[in-house]
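Chemist: Build me a model from this:
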Amino acid sequence: MSLDDNAQTAMVYTESLPFSTEPSKVMAETLCEYCAAIDFEQLRLSSSKDVQELNEGNPIEPQLPFIQYQVQRDDRPHWSLGSQSRIESSAATCPFCREVCRVLEVAEVREKVPDVFENDPICDVYFTLAGFIEAPPGVTWSRYQSSEKLLRQVAKSFHKKVHHLLSLRAQMLNFSDPNVIPHPRISLRWTVPEKHEMRWFQRYPISQGVIELFECFQSMDPVSKESKGLFTGVERPALIDMELPRRWLRSCLENDGGPCVPKPSGRKIIVPIFRLIDTKSNALVEFKDQNLDKIQYVTLSYVWGTTQQVMLKRENLLQLQLPGSLHGTTPKTITDAMIFTSRMGYRYIWVDVFCIIQDDNKDKATQLQRMGDIYKNSVFTIVAAAGGHSDAGLYGVRTPRKAMQRKVQVKSASPTQAPLWLMSTVMPLTGYFDPYTHGLPWQTRGWTLQERALSRRVFTFTGEQLLWSCRQCQRWEETETETSLASITFRNMEDANVTLDGPLRFDQSRESSMRDVQAKFWKLVYDFSNRNLCFEGDAHDAFSAILREYTELTGEQFVWGMPVSEGHFGSALCWEPTSTIFPRRKELTTLPTTSLNTKVPFPSWSWLGWKGKIRPFVAQPG
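Modeler: A predicted model of the protein is given here:
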């Protein structure tokens with residue numbers, strides 16, 4: 001039996017999804033006076049024709065989204081929908097109120113902010129910034145409209161532009177770079193007595209349509225066949241259409257020599273014993289003195305939990321190398337990862353529990369020393385973000401996703417504008433800076449941080465959709481992002497790109513690049529310090545691959561996670577807690593510098609000796 005045999009019955013589910021793709025040409029229902037006051041026009045997105053004009057250096061008309069926003073965060077436009085009870089009473093006749101009520105019925109929303117809905121809260125609607133649409137590499141959008149003083153012509157390098165984008169996350173609709181277009185969404189804010197935000201809507205295309213973003217909904221409006229809408233919402237099937245992730249990966253691999261290709265280090269990456277799962281034979285295979293550059297394989301990052309049963313031990317090492325020995329024995333997450341790997345056209349996958357001998361300290365030490373190289377040299381990493389244990393599975397591979405995407409028309413067609421539609425997103429966010437993996441079990445585990453930070457390309461499986469991120473772009477199933485005309489950076493996927501070597505790929509001689517690498521390193525320290533470990537004594541091992549990568553990039557050496565070069569050690573000692581911290585010191589650990597046979601406590605002066613959020617002090621050159 002092949003890996004896909006038991007997935008065939010589930011695949012049929014895709015064909016019977018109850019989606020309605022034919023919207024009404026005119027609004028069958030009228031918005032209530034509250035919803036009618038919302039300026040939905042601000043959600044209109046660019047068309048392929050508009051962006052092509054910019055790429056060719058031609059000015060375009062000063063229309064949304066090609067305008068300069070001057071609204072600061074505190075005075076951004078917002079509209080009140082009234083109390084929850086008013087919205088519920090209006091739902092019978094107002095299509096937008098009805099969809100807001102449906103959002104509030106989602107169990108995940110109420111679980112995240114259960115206290116919000118107890119006292120009939122007031123709901124505000126306002127625009128947030130979902131991301132930025134940028135000119136493609138090698139192209140400059142010099143101006144939008146030559147006759148208007150809409151935008152300053154600013155020449156920024158890629159490095160500076162990224163820095164500038166990050167600084168604007170608190171300035172919702174305020175941007176001045178002509179090469180970047182703000183990409184807004186709508187949020188719902190409930191005042192009771194604190195502010196709680198849920199971003200749940202984006203734009204959706206009808207027929208040949210476009211999508212607008214509503215952070216509970218995406219937008220969709222029809223456009224002509226000659227001008228396709230860009231960055232609009234799309235219907236996400238219950239099971240993954242495998243052609244989509246194959247296309248994402250192919251696009252990255254075809255960019256030979258791009259930022260996703262490891263920088264030559266001048267050394268062969270040889271692993272004395274390298275084990276992989278062979279998805280074709282359903283067995284473990286061993287390679288001796290394997291050069292990682294010479295083999296194509298996939299890696300898995302997941303949460304073990306307490307359900308892990310079968311694992312590689314000295315006693316079953318030979319048995320698990322027999323053809324078919326893994327069939328029916330691997331937990332659901334690993335089985336789904338094997339299926340996905342095979343469907344993507346690859347044969348081998350590295351999974352720690354089967355590729356490291358779990359009761360052999362010498363083998364563990366050898367493999368941990370190569371952990372960074374293993375993840376960095378894989379074709380891509382599969383992140384099982386939603387599962388709290390190894391038997392949770394990868395949603396969308398064999399287990400259908402359940403969230404339904406609702407659609408609502410909010411603007412009728414006019415002589416100059418197409419009608420405007422919104423579609424509900426499948427992933428609600430309750431925090432402005434929250435990444436899409438926020439609150440998921442994988443995001444809280446200590447070991448998974450270095451696995452993500454060192455991976456070049458990542459497919460992230462949440463409970464409702466598949467995400468892609470590499471060092472060039474970001475993709476997800478519910479929004480159309482594939483175009484060569486422009487690229488988009490999503491605010492809530494910024495954390496997905498925290499990799500140490502990114503800036504140095506462009507220019508190692510730039511002092512600002514080196515400082516950026518230092519800042520990213522300490523951001524990883526901050527993230528790691530509040531993560532959970534089953535055994536706190538593993539803290540150094542769970543961060544060691546990041547330390548080795550930083551040493552390779554910069555030459556910096558570390559003792560107990562602290563940089564020891566002149567000027568860095570003293571400032572690193574000035575770290576301070578940002579919340580209550582707890583000692584890890586009572587747990588013993590091993591370090592290469594103390595030999596594998598010696599167990600010692602963590603020193604109190606190192607951040608590794610404590611659990612809880614810490615803020616490092618990074619000295620800036622004067």
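Chemist: now for the top helix by length along the chain, which elements pack on it?
Modeler: If you go by DSSP state H, the chain has its longest helix at helix 511-529. Secondary-structure packing of helix 511-529 (3 or more Cβ pairs under 8 Å, 6 or more residues apart in numbering; DSSP states H and E): helix 158-167, helix 447-453, helix 539-554, strand 614-615. C-betas here are computed from N, CA, C, even on glycine.
Chemist: Tell me which of those sits most buried.
Modeler: Among these, the stretch with the highest mean neighbour count (mean count of other Cβ atoms under 10 Å) is helix 447-453, at a mean of 23.
Chemist: returning to that earlier point: now the longest helix of the chain: buried residues?
Modeler: 513-514, 516-518, 520-522, 524-529 (16 or more other Cβ atoms under 10 Å).
Chemist: Run through the helices of the stretch 301-450 of the chain in chain order.
Modeler: 332-343, 352-355, 361-369, 371-376, 441-444, 447-453 (DSSP state H, counting those that start in this stretch).
Chemist: In CSV, please show the C-alpha coordinates belonging to the third one.
Modeler: Extracted in CSV, the C-alpha atoms of helix 361-369 (Å, rounded to 0.1, in the frame of the first residue of the first chain):
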residue,chain,number,x,y,z
ASN,A,361,24.0,10.1,23.9
LYS,A,362,26.9,10.0,21.5
ASP,A,363,24.6,9.8,18.4
LYS,A,364,22.5,12.6,19.9
ALA,A,365,25.5,14.9,20.4
THR,A,366,26.7,14.2,16.8
GLN,A,367,23.3,15.0,15.3
LEU,A,368,22.8,18.1,17.5
GLN,A,369,26.1,19.5,16.2
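Chemist: quick one: buried residues of it?
Modeler: So for helix 361-369, counting by 16+ other Cβ under 10 Å, buried means D363, K364, Q367, L368.
Chemist: Okay, the second one and Q358: tell me how far apart.
Modeler: Applying Cβ to Cβ, to the nearest Å, the value for K364 to Q358 is 8 Å.
Chemist: Equivalent analysis for V303, please.
Modeler: Counting by Cβ to Cβ - V303 and Q358 are separated by 16 Å.
Chemist: Likewise for N58?
Modeler: 62 Å.
Chemist: same thing with I614?
Modeler: On the measure of Cβ to Cβ, I614 and Q358 end up 31 Å apart.
Chemist: Likewise for W141?
Modeler: 54 Å.
Chemist: now do P563
Modeler: 32 Å.
Chemist: Looking at these two, which is more packed in?
Modeler: P563 (22 against 14; other Cβ atoms under 10 Å).
Chemist: per-residue confidence at the nearest residue to that one once chain neighbours are set aside?
Modeler: Excluding the flanking residues, the one nearest P563 by Cβ to Cβ, 6 or more residues apart in numbering is E556, at 5.0 Å. Note on E556: pLDDT of 90.
Chemist: How many residues are close by E556?
Modeler: As a measure of burial, E556 has 16 neighbours, counting by other Cβ under 10 Å.
Chemist: Contacts only, for it.
Modeler: Applying Cβ atoms under 8 Å, 6 or more residues apart in numbering to E556 gives the contacts Y550, P563, V564, S565, H568.
Chemist: swap in L31?
Modeler: Contacts of L31 (Cβ under 8 Å, 6+ apart): C94, P95, F96, V410.
Chemist: ChimeraX command for the buried members of these?
Modeler: In ChimeraX syntax, the buried subset of the contacts of L31 is picked out as below (16+ other Cβ under 10 Å):
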select :94,95,96,410
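Chemist: Just the ones in helices from the contacts of L31, please.
Modeler: Using DSSP H, the contacts of L31 in helices are P95, F96.
Chemist: Restricting to C-alpha, output whatever helix or strand E99 lives in in CSV.
Modeler: Using DSSP states H and E, E99 sits in helix 95-104. What follows is helix 95-104, C-alpha atoms only, in CSV (Å, rounded to 0.1, in the frame of the first residue of the first chain):
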residue,chain,number,x,y,z
PRO,A,95,-25.8,41.9,4.9
PHE,A,96,-22.7,43.3,6.6
CYS,A,97,-24.1,43.2,10.1
ARG,A,98,-25.2,39.6,9.4
GLU,A,99,-21.6,38.6,8.4
VAL,A,100,-20.2,40.4,11.5
CYS,A,101,-22.5,38.3,13.6
ARG,A,102,-21.3,35.1,11.9
VAL,A,103,-17.8,36.1,12.7
LEU,A,104,-18.7,36.4,16.4
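Chemist: Show the average pLDDT along it.
Modeler: pLDDT averaged over helix 95-104 gives 83.
Chemist: before we move on, what about stretch 312-328?
Modeler: Mean predicted lDDT for stretch 312-328 stands at 96.
Chemist: Name the residues of it that are buried.
Modeler: Neighbour-count burial for stretch 312-328, with 16+ other Cβ under 10 Å as criterion, is recorded at L312, L320, Q321, S325, L326.
Chemist: Just the C-alpha atoms of that stretch, please, in CSV.
Modeler: Listed in CSV are the C-alpha atoms of stretch 312-328, where the atom choice follows Å, rounded to 0.1, in the frame of the first residue of the first chain:
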residue,chain,number,x,y,z
LEU,A,312,14.5,5.2,16.9
LYS,A,313,16.5,3.3,19.6
ARG,A,314,19.5,1.1,19.5
GLU,A,315,17.3,-2.0,19.7
ASN,A,316,15.2,-1.3,16.6
LEU,A,317,17.8,0.5,14.4
LEU,A,318,18.2,-2.4,12.0
GLN,A,319,14.5,-3.4,12.1
LEU,A,320,13.3,0.1,11.0
GLN,A,321,15.6,-0.1,7.9
LEU,A,322,13.5,-3.0,6.5
PRO,A,323,11.2,-2.0,3.7
GLY,A,324,7.7,-1.3,5.0
SER,A,325,8.8,-1.2,8.6
LEU,A,326,7.4,2.3,9.2
HIS,A,327,4.0,1.6,7.6
GLY,A,328,1.3,2.0,10.2
